[in-house]
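A.B. asks: predicted structure and sequence below. I'll ask about it afterward.
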Amino acid sequence: KVVAVIMVGGPTKGTRFRPLSLNIPKPLFPLAGQPMVHHPISACKRIPNLAQIFLIGFYEEREFALYLSSISNELKVPIRYLKEQKPHGSAGGLFHFRDLIMEDSPSHIFLLNCDVCSSFPLPQMLDAHKRYGGMGTILVIRVSAEAAHQFGELVADPTTNELLHYAEKPETFVSDLINCGVYIFTPDIFSAIQGVSTQRKERANLSRLSSFEALQSAATRSLPKDYVRLDQDILSPFAGKKQLYTYETMDFWEQIKTPAMSLKCSGLYLLQYRVTSPDLLANGDGTKNAIITGDVYIHPSAKVHPTAKIGPNVSISANARIGAGSRLISCIILDDVEIQDNAVVIHAIVGWKSSIGRWSRVQADGDYYAKRGVTILGEAVAVEDEVVVTNSIVLPNKTLNMSVQEEIIL
Ligand code: GDD
């Protein structure tokens, strides 16, 4: 049997995701019309002999309850939310719940970060992992040398794929091969994490007797004893010991730390629907006969005027109303939004219950990596008629009656 664990973090994480994370836990923010965490969950469904999926985080359980019971029924896999009382780090969280995770005596444990966008080639990883015969296999991808420093950089043996060296977000360039935050482990991972905690305790005791503490970095010294990071505390020390291996994906992969990246990833998942769930893509006939171009998701309860032109990369959530003659390109329209006649939305995320007046424009240049490359409206923002909002971020409950450009409206 195999189990999967998805690390969802908690409210103190994901601050870069504001203002959207003010309303909803980041893992539930919709990408291509489905909660962010839905995409790794449905990928887990393809793992042979999957017994259970666990979500570990320090959000309140009730925030996930409704979604998890419905997805669990739909996929016919037990999915449980395990709440940490405080953050234990990416490996510490796993270790904290080891008894529950090992309940079904799984032979393998998948571990996935919630905030990555990928095709999650999990069955292929499992096969590769069995061939390598180590304790763990890491999904890796090659990125540009300029981008690599934001991730764990690693060196792998080109023939055996063994992990030879690992450096978490290093200041000087190590490698353009990076950690995708998707892993498979044998249950030996628990002894490895235990080993790190024990070693820390021993060092703490030793430092009371000697000046040993001076040798440890300030960052490690200040960590609680049960806080274990998978990257720094496990991957780095176990590299080069024939225990960890890599599996390189040639498919898409992105990290989702900002609202702008969620728009990019929404587009990647819409594209993937062409293969996995074509029924979720709007095609301009049937009940939603707006003018559709490219990949578009429209929630069944949304009302879209037949003369609206929509796409590519547009996701429209529940109860949104899209007026006559409006034009939507590369955007996420959240629940209960009203877009009035002849309005234009390009490279933007429009928050829950917001409204955009007639002939208004909410737009940006679409640079996903820039600070204001995507315009974001928080919850219940009102853009009045004929107002143009360009490359801006607007916090919840604001009314805009004048055009703004390159601004953060607090
Ligand atoms: N439950 C729980 N508890 N989850 C946590 C905790 C914790 O204490 N700390 C982090 N997480 C979750 C986050 O929500 C996220 O899904 C994942 O664990 C990793 O988060 P971080 O440890 O903050 O690392 P990161 O996202 O900056 O970088 C990691 O992922 C990159 C890939 O996206 C590293 O592993 C990088 O090397 C890697 O490239």
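C.D. replies: That came in fine, so what should we check first?
A.B. asks: just give the nearest non-adjacent residue to Y183, would you?
C.D. replies: Spatial nearest neighbour of Y183, excluding adjacent residues (C-beta to C-beta, 6 or more residues apart in numbering): L111 at 4.5 Å. No exception for glycine: its C-beta is placed from N, CA and C like everyone else's.
A.B. asks: element containing that neighbour, please.
C.D. replies: According to DSSP states H and E, L111 maps onto strand 108-113.
A.B. asks: show me what the helix or strand that that strand is followed by is packed up against.
C.D. replies: Downstream of strand 108-113, the first helix or strand assigned by DSSP H and E is strand 116-118. Counting contacts by 3 or more C-beta pairs under 8 Å, 6 or more residues apart in numbering; DSSP states H and E, strand 116-118 packs against helix 38-44, strand 177-185, strand 253-255, helix 259-276.
A.B. asks: isn't K264 right up against W253?
C.D. replies: No: counting by C-beta atoms under 8 Å, W253 is not a contact partner of K264; they are 11.7 Å apart.
A.B. asks: close to the ligand, is the strand or helix carrying T198?
C.D. replies: Using DSSP H and E, T198 maps to helix 188-209. No: shown here: helix 188-209 not in contact with the ligand (C-beta under 6 Å from any ligand atom), separated by at least 12.8 Å.
A.B. asks: so for the nearest residue to K83 once chain neighbours are set aside, what's the pLDDT?
C.D. replies: In space, and not counting its chain neighbours, K83 is closest to E61: 5.2 Å by C-beta to C-beta, 6+ apart. Confidence at E61, expressed as pLDDT, is 92.
A.B. asks: tell me how many other residues crowd E61.
C.D. replies: 13 (other C-beta atoms under 10 Å).
A.B. asks: ok so, going back, and of the helices and strands packed on strand 116-118, who's closest to the ligand?
C.D. replies: Taking C-beta to the nearest ligand atom, strand 177-185 is the member of the helices and strands packed on strand 116-118 nearest to the ligand, at 3.3 Å.
A.B. asks: my guess is D365 contacts H347, does it?
C.D. replies: Yes: if you go by C-beta under 8 Å, D365 and H347 touch, sitting 6.7 Å apart.
A.B. asks: find the nearest non-adjacent residue to the residue nearest the centre of the chain, please.
C.D. replies: The chain has D115 as the residue nearest its centroid, 1.8 Å off, counting by C-alpha atoms, centre = their mean. Leaving aside its chain neighbours, D115 sits nearest to I256 (4.6 Å; criterion: C-beta to C-beta, 6+ apart).
A.B. asks: can you tell me the distance between the two ends of stretch 223-238?
C.D. replies: End-to-end distance of stretch 223-238 (C-alpha to C-alpha, to the nearest Å): 20 Å.
A.B. asks: how about it: buried residues?
C.D. replies: For stretch 223-238, a neighbour-count test (16 or more other C-beta atoms under 10 Å) marks 223, 226-236, 238 as buried.
A.B. asks: and those residues, which is closest to A51?
C.D. replies: Distances from the buried residues of stretch 223-238 to A51 were compared by C-beta to C-beta; the smallest belongs to L230, at 22.1 Å.
A.B. asks: so for the closest one, what's the pLDDT?
C.D. replies: 95.
A.B. asks: just the one 5 residues further on next, same as before
C.D. replies: Here, the pLDDT recorded for L235 equals 96.
A.B. asks: identify the residues contacting the closest residue to it other than its chain neighbours.
C.D. replies: Computed as C-beta to C-beta, 6+ apart, the closest residue to L235 that is not its neighbour in sequence is Y166, at 4.5 Å. By C-beta atoms under 8 Å, 6 or more residues apart in numbering, the residues touching Y166 are 152-155, 179, 231, 235-236, 239.
A.B. asks: surely Y166 forms part of a strand?
C.D. replies: Yes: counting by DSSP: H, G, I helix; E, B strand; the rest coil, Y166 is located in a strand.
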